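Undergrad: would you be able to build a 3D model of this:
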Amino acid sequence: MGKYALISEQSIFALIPLVVYLTFVFSGRKALTATLAGVIVGCIITAQNPGSISGLFATATGSFLGIIGFIIMLGSGLGEVMAKSGVSHTIVRWIIDKIGVNSEKKGILAVIVSSTVICALLGTLAGGNAIIAPIIIPVVASVGLTPSTVGAIFQTAGETGLIWGPFTGPVVALLAVTGLSYGKMMLWAAIPFGIIWLVVIYFVALRIQKKTKDVESYNLSEIESAEVEILPEHRRTTIAFTISFIILMVYGIIKGLGTNYAIFVMFVLTIIIAVFSKIGIQDSFEIFYKGMAKMTQMYLIFILLSVMLDLINIGGGFEALGEYLMVLVDKGGRYAIPIVGSFVGAFGISGAAVAEIQITHELFAPAVNAYNIPMEVWAIALIAASRITTSIYPTANMVGQMGLARSNNIKWMLFAGWTVSMIALLYICIWSVVGLRMFF
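TA: Next up, the predicted model:
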């Protein structure tokens, strides 16, 4: 704390940078602007000098958020290589052919599976569904699926993929803050949450399809040209990628390797694609670097976010808030912690998913530790905090999925988002009681 700080140590007013950040985000400002504003306010109220703030930035590059940001950049690079080599397109085509899309129900299932798998592999919602859209829309349009139906599925299935993929940013962040293994996190949190979302969105999609099939439709003449030819080299590369991915994932789980293992995996998979495709090592890494560059802003946001959180901790903001939360928790008991955490994160915190996980965890860490809440129970609250926000508010993510699906009906997007989210929150309320009794 600087000599001319505007607050005393462990002050609730140290959370002002977070309030500024959330205000900017909810008002529609870009995340980079919002985070920078939070850092500036934090520097002012804690009276940081140029030397101390420079030290915070240097530390942030090797911090938890800094590493996650780097992993996300690597994931973007790998995703670019997968797209250029035909791996992503081949996987989608295999899914479509396996399901055999000849009805509305099978069309809905094909979109769900394709979106979940590709977003899990690429670690990005917009990028994953952008690859899927031109391949799968002509197929599902031929059986009558409407843009509103496809858009709603893109949103929910893609979000599910992000909590299932072993090397996505949200999953890596979740494993880091909870200390759980990938297997335990999936078993107790991600699989139940994801299954609820996918089952519910299937029936919601049927409802949306029934209500919109006589109102809207795709113009096949505009999208038929988007078909992608799958060549023998694409199949060869995809098989090599799939086998390597499974081996690397199983090895990581068996050895209990942590966050940093994802960095190794990204490079290995890129090399494997380069070897088995006709792109070559040099060109593959050129593509990889260009893909990384697309996430440069995200990396900078995470560095700034790390600094902002450090400034809040310098002022003792989270500790001060923890004392207030403990009063509420004392009245509701330990069962209230996962429930309140889920609702606060889902409705009250917005921004990048990794940021939501980190902020929600920081806010409730004192109560979680004081009541010895098992991470197997707490993890699903963090998933809700990071995923539900973009499904209940008309955020850029939601609008982006509408655009990819060629839909312009926000009503059905919100209907789908609120339905899957409310049922998931109901499950968390039940799991909070059952889970805590199970692990105590």
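
Undergrad: how many neighbouring residues does the closest residue to Leu74 other than its chain neighbours have?
TA: Of all residues not flanking Leu74 in the chain, Met266 sits nearest, at 4.0 Å (C-beta to C-beta, 6 or more residues apart in numbering). (C-beta placed from N, C-alpha, C; glycine too.) The burial count assigned to Met266 is 25, neighbours taken as other C-beta atoms under 10 Å.

Undergrad: OK, contacts around Met266?
TA: Neighbouring residues of Met266 by C-beta atoms under 8 Å, 6 or more residues apart in numbering: 71, 74-75, 77-78, 167.

Undergrad: so Lys411 is in which element?
TA: Assigned by DSSP states H and E, Lys411 belongs to helix 410-439.

Undergrad: rewinding a little: distance check, the residue nearest to Leu74 against Thr390.
TA: Taken as C-beta to C-beta, to the nearest Å, the spacing of Met266 relative to Thr390 amounts to 25 Å.

Undergrad: just Gln297 next, same as before
TA: Using C-beta to C-beta, Gln297 is found at 18 Å from Thr390.

Undergrad: who's more crowded, those two?
TA: Neighbour count, other C-beta under 10 Å: between Gln297 and Thr390, Thr390 has more, with 24 against 12.

Undergrad: follow-up on the earlier one: how near is the residue nearest to Leu74 to Phe245?
TA: When Met266 is compared with Phe245 (using C-beta to C-beta), they lie 11 Å apart.

Undergrad: where do the strands of the stretch 301-440 of the chain begin and end?
TA: In the stretch 301-440 of the chain, no strands are defined using DSSP state E, counting those that start in this stretch.

Undergrad: where in it is pLDDT low?
TA: Along the stretch 301-440 of the chain, segments meeting pLDDT under 70 span 328-332, 351, 440.

Undergrad: re earlier: could you identify the most distant pair in the contacts of Met266?
TA: Maximum pairwise distance in the contacts of Met266, criterion C-beta to C-beta, is 12.3 Å, between Gly77 and Phe167.

Undergrad: okay, the two: which has more neighbours?
TA: Taking other C-beta under 10 Å, Gly77 and Phe167 do not tie; Phe167 has more neighbours (27 against 24).

Undergrad: SS state for the more buried one?
TA: Here Phe167 is recorded as coil under DSSP: H, G, I helix; E, B strand; the rest coil.

Undergrad: kindly report the same for the one 10 residues further on.
TA: Counting by three-state DSSP, the backbone at Val177 sits in helix.

Undergrad: these two touch, right, Thr160 and Thr116?
TA: Yes - assessed by C-beta atoms under 8 Å, Thr160 is found in contact with Thr116 at 5.3 Å.

Undergrad: where does Ile209 land in three-state SS?
TA: In this structure residue 209 is Gln, not Ile. Per three-state DSSP, Gln209 ends up helix.

Undergrad: name the nearest residue to it, ignoring sequence neighbours.
TA: Excluding its sequence neighbours, the residue lying closest to Gln209 (C-beta to C-beta, 6+ apart) is Thr149, at 4.5 Å.

Undergrad: who's in contact with Gln202?
TA: Heads up, residue 202 is Tyr, not Gln. Contacts of Tyr202 (C-beta under 8 Å, 6+ apart): 108-109, 112.

Undergrad: and the gap between it and Glu216?
TA: 20 Å.

Undergrad: kindly report the same for Tyr299.
TA: According to C-beta to C-beta, Tyr299 and Glu216 sit 39 Å apart.

Undergrad: of the two, which one has the most company?
TA: Per other C-beta under 10 Å, whichever of Tyr299 and Glu216 has more neighbours is Tyr299, with 20 against 15.

Undergrad: give me the distance between that one and Met186.
TA: Remark: distance between Tyr299 and Met186 (C-beta to C-beta) = 27 Å.

Undergrad: for Val117, same thing?
TA: Val117 sits 15 Å away from Met186, going by C-beta to C-beta.

Undergrad: buried sites along stretch 375-394?
TA: Using 16 or more other C-beta atoms under 10 Å as the burial criterion, the residues of stretch 375-394 that qualify are 375-392.

Undergrad: same check on stretch 320-328?
TA: 320-322, 325.

Undergrad: do stretch 103-112 as well
TA: 104, 106-112.

Undergrad: OK, contacts around the nearest residue to Thr242 once chain neighbours are set aside?
TA: Nearest residue to Thr242, sequence neighbours excluded (C-beta to C-beta, 6+ apart): Ile91, at 7.8 Å. The neighbours of Ile91, taking C-beta under 8 Å, 6+ apart as the test, are 114, 117-118, 121, 238, 242.

Undergrad: in what helix or strand does Ile91 lie?
TA: helix 87-99.

Undergrad: now that helix, how far from the centre of its chain.
TA: 23 Å (C-alpha atoms, centre = their mean, to the nearest Å).

Undergrad: same question for stretch 306-322.
TA: 24 Å.

Undergrad: endpoints of that stretch, how far apart?
TA: End-to-end distance for stretch 306-322: 19 Å, by C-alpha to C-alpha, to the nearest Å.

Undergrad: next one: stretch 6-18
TA: Stretch 6-18 end-to-end distance (C-alpha to C-alpha) = 16 Å.

Undergrad: for that stretch, give me every contacting residue.
TA: 1, 38-39, 41-42, 44-47, 308, 311-312, 314-321, 324, 359.

Undergrad: so which of these sit within helices?
TA: Those of those mapping onto helices are 38-39, 41-42, 44-46, 308, 311-312, 314, 317-321, 324, 359, per DSSP state H.

Undergrad: all helices of the stretch 251-400 of the chain, in order?
TA: Using DSSP state H, counting those that start in this stretch, the helices of the stretch 251-400 of the chain run over residues 261-276, 281-293, 296-314, 317-332, 336-348, 353-370, 375-387, 389-392, 396-404.

Undergrad: no wait, the stretch 101-250 of the chain
TA: Counting by DSSP H, counting those that start in this stretch, the helices of the stretch 101-250 of the chain are 104-122, 125-141, 147-164, 169-178, 182-185, 191-212, 220-223, 232-255.
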